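> Need a 3D model of the following:
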Amino acid sequence: MSDDILAVDRLMMRFGGIVAVNSLSFTAERRKITALIGPNGAGKTTVFNCITGFYRPSGGAIRLTHDDGRNIQLERLGDFRISKYAKVARTFQNIRLFPGMTALENLMVAQHNALMRASGLTFLGLIGVPSWREAEQRAIDLARTWLDRVGLLPRADDAAGNLPYGDQRRLEIARAMCTEPALLCLDEPAAGLNARESGGLNELLLSIREDGTSILLIEHDMSVVMEISDHVVVMDYGVKIAEGTPQAVRDDPKVIAAYLGADEEEAIAVMESGT
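Numbering: from 1, shown residues only. Below is the predicted model of the structure:
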């Protein structure tokens with residue numbers, strides 16, 4: 001079986017006459033952290049939306065390969081089926097918790113599919129059969145485990161909207177992990193975090209990787225990318241301009257040019273000057 005959990009092959013995404021993603025190909029390795037980076041407007045979030053079913057690609061293929069060897073073509077599923085059947089979870093640039101629900105309830109909602117199956121579409125849950133009660137207890141236990149992992153167990157009964165911003169970021173990751181994903185997609189998880197919070201985020205993501213979950217992330221905080229990523233893919237204007245280890249990508253003149261808004265020769269001059 002391939003070491004790649006995700007293979008994106010010649011992905012295209014058009015919006016009318018605008019080509020947002022142009023023949024993009026890359027892979028994400030199993031039980032590794034792959035970062036997708038690039039300047040604003042490079043097409044990174046559009047790629048995420050194609051992978052997670054919010055957009056149906058204009059062309060190309062996106063294949064997810066599970067540990068048991070099953071191949072799932074994500075571009076053929078779309079919407080909630082990617083989360084339910086392919087076990088792909090995501091977070092967003094803008095936090096999308098249920099602010100009026102408690103932290104624990106937010107994590108219970110993430111387990112809706114399993115609870116609905118156990119309830120026989122609510123009937124068994126209404127009469128409280130043992131299989132439903134067991135499933136409900138498993139869901140509570142998993143939710144409390146992840147609240148503990150992200151340091152929020154003491155605030156399990158607090159409304160999510162009342163939590164500090166950094167806590168809400170961690171809660172959103174915990175909610176995604178309660179779906180027990182094979183691939184976790186994180187859209188700028190460090191956005192708005194201070195240095196201490198970013199350090200805690202790094203530790204959390206590394207621990208998730210060590211537990212066996214593959215991670216694909218978009219991130220503008222290069223300190224996060226360089227510290228935790230195993231592989232980095234760089235986009236600019238909808239195309240891939242570089243990929244490799246964090247060190248190799250950081251020193252690539254094309255990447256420097258894209259971020260500085262300079263041409264490649266100017267970027268090389270910057271590198272040689274050491275400034």
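> For this protein, give me the ranges with low pLDDT.
Where the chain drops to pLDDT under 70, the residues are 1, 113-132, 261-275.
> Now do the helices in it.
Using DSSP state H, the helices found in the chain span residues 44-51, 79-85, 103-109, 112-119, 123-127, 130-149, 165-177, 195-210, 222-228, 246-250, 253-260, 264-273.
> Point out the most buried one among those.
Mean neighbours per residue, mean count of other CB atoms under 10 Å, is largest over those for helix 44-51, with a mean of 23. Every residue, glycine included, has its C-beta placed from N, CA and C.
> other SSEs contacting it?
strand 4-15, strand 18-29, strand 33-37, strand 183-187, strand 214-218 (3 or more CB pairs under 8 Å, 6 or more residues apart in numbering; DSSP states H and E).
> hang on, the earlier thing: export the helices of the chain to CSV and tack on distance to residue 92?
Formatted as CSV, these follow (distance: least, CB to CB, whole Å):
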stretch, distance to residue 92
helix 44-51, 9
helix 79-85, 13
helix 103-109, 14
helix 112-119, 18
helix 123-127, 30
helix 130-149, 18
helix 165-177, 8
helix 195-210, 15
helix 222-228, 17
helix 246-250, 24
helix 253-260, 24
helix 264-273, 32
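> Quickly note the distance from residue 47 to residue 12.
Relative to residue 12, residue 47 is positioned 11 Å away (CB to CB, to the nearest Å).
> right, I mislabeled it, should have said residue 152
40 Å.
> same deal with residue 96?
27 Å.
> same thing with residue 155?
44 Å.
> Compare the helices of the chain and give me the one nearest residue 187.
For the helices of the chain, distance to residue 187 was read as CB to CB. The smallest value, 5.7 Å, belongs to helix 44-51.
> Tell me if I'm right that residue 220 and residue 191 touch.
Yes. Here residue 220 reaches residue 191: they are 7.2 Å apart, a contact under CB atoms under 8 Å.
> How about the contacts made by residue 190?
Contacts of residue 190 were listed using CB atoms under 8 Å, 6 or more residues apart in numbering, and they are 197, 198, 201, 219, 220, 221, 224.
> who touches both of residue 47 and residue 12?
21, 24.
> Measure how buried residue 33 is and give me the count.
For residue 33, the count of nearby residues is 24 (other CB atoms under 10 Å).
> Apologies, that question was intended for residue 111.
21.
> same question, residue 181
Look at residue 181: counted by other CB under 10 Å, it has 19 neighbours.
> what's the answer for the one 5 residues further on, then?
Applying the criterion other CB under 10 Å, we find 26 residues in the vicinity of residue 186.
> What residue, apart from its backbone neighbours, is nearest residue 111 spatially?
Leaving out its chain neighbours, the residue that sits closest to residue 111 by CB to CB, 6 or more residues apart in numbering is residue 139, at 4.4 Å.
> Could you do residue 223 as well?
residue 198 is the one closest to residue 223 (CB to CB, 6+ apart), at 6.8 Å.
> Could you do residue 41 as well?
Nearest to residue 41 is residue 237, by CB to CB, 6+ apart, at 7.7 Å.
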